[in-house]
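K.L.:
Turn this into a structure:
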Amino acid sequence: SDVKGQPSIRRTQPERRYLPLGELAEYINGRAFAPEEWTSEGLPIIRIQNLTSPEAPFNYFSGEVEPRYVVERGDLLISWSATLDAFIWERGRAFLNQHIFKVLENRSVITREYLYYAAREAMGEIRSQVHGATMRHITRPEFLRIKIPVPSLSEQRIIAGRLGEQLERIDQARAAAAAQLEAAKALPAAYLREVFESPEAQQWTDR
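P.N.:
Okay, the predicted model is just below:
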């Protein structure tokens with residue numbers, strides 16, 4: 001109970017604030033590399049297919065570009081056309097192609113890891129809204145207006161850490177399931193081979 005004459009103290013949960021992406025980072029659109037600029041040497045050019053598929057071949061560029069278009073390992077990239085998603089680049093220095101943002105987060109407000117997960121969730125919502133469209137696309141003004149929850153920096157680190165652990169477990173489970181599937185596919189052939197190569201099978205005769 002409250003002490004008489006003293007103000008009442010109520011514990012309340014802090015309000016979760018939502019801020020637009022445009023206030024949380026700078027978003028640098030990639031350079032429009034023309035096909036005639038592609039070479040077989042130099043730095044790789046990150047196109048959308050290089051984000052979505054590790055097997056996709058690279059085009060290369062051997063000339064000079066502005067530093068703003070250079071991507072380093074660990075940079076946060078967001079594809080805003082065709083494939084709407086966020087990615088952490090882990091494949092070394094490269095050049096950024098158009099239709100992909102390189103994200104320079106405001107570290108006083110948001111961590112890169114949290115922004116990565118929040119942007120993925122936001123882009124997933126957009127994908128669900130344009131499901132079935134022949135060309136998925138979001139304009140820069142629309143993108144910058146998207147609001148995401150922005151807790152304190154300490155909470156962001158906790159949330160991102162937990163999400164990272166959960167996704168790692170999912171990846172491990174997916175890899176284990178894939179291995180089991182391959183083993184299951186090989187089982188009938190191995191079993192048949194064992195049967196037909198058994199001593200009993202050697203005694204079979206045509207009827």
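K.L.:
Where does the prediction get shaky in the protein?
P.N.:
1-16, 130-136, 171, 175, 178-198, 200-207 (pLDDT under 70).
K.L.:
For it, just list every one of the strands.
P.N.:
Using DSSP state E, the strands of the chain run over 18-20, 25-29, 43-46, 59-61, 70-71, 76-81, 83-88, 94-96, 100-105, 147-149.
K.L.:
Name the residues of the second one that come out as buried.
P.N.:
Okay, so that is strand 25-29. 25, 27-29 (16 or more other C-beta atoms under 10 Å). In short, each C-beta sits where N, CA and C put it, glycine included.
K.L.:
Tell me what the closest residue to residue 126 other than its chain neighbours is bridged to.
P.N.:
Distances taken as C-beta to C-beta, 6 or more residues apart in numbering put residue 84 closest to residue 126, at 5.3 Å, once the chain neighbours are dropped. Counting by DSSP bridges, residue 84 is bridged to residue 80.
K.L.:
returning to what we had before: who wins for proximity to residue 126 among the strands of the chain?
P.N.:
For the strands of the chain, the distance to residue 126 is smallest for strand 83-88, at 5.3 Å, taking C-beta to C-beta.
K.L.:
how big is the angle separating that closest one from strand 100-105?
P.N.:
Relative orientation of strand 83-88 versus strand 100-105 (axes from the mean of the first three to the mean of the last three C-alpha atoms, to 10 degrees): 50 degrees.
K.L.:
what's the neighbour count on the closest residue to residue 52 other than its chain neighbours?
P.N.:
Distances taken as C-beta to C-beta, 6+ apart place residue 83 nearest to residue 52, at 5.5 Å, with adjacent residues excluded. Using other C-beta atoms under 10 Å, residue 83 is surrounded by 16 other residues.
K.L.:
One more: residue 48?
P.N.:
With neighbours defined by other C-beta under 10 Å, the count for residue 48 comes to 21.
K.L.:
which of the buried residues of strand 25-29 lies closest to residue 35?
P.N.:
Closest to residue 35, out of all of the buried residues of strand 25-29 and judged by C-beta to C-beta, is residue 29, at 18.7 Å.
K.L.:
if I pick the most centrally placed residue in the chain, what's in contact with it?
P.N.:
Nearest residue to the geometric centre of the chain (C-alpha atoms, centre = their mean): residue 87, 3.4 Å. Residues in contact with residue 87 (C-beta atoms under 8 Å, 6 or more residues apart in numbering) are 51, 76-79.
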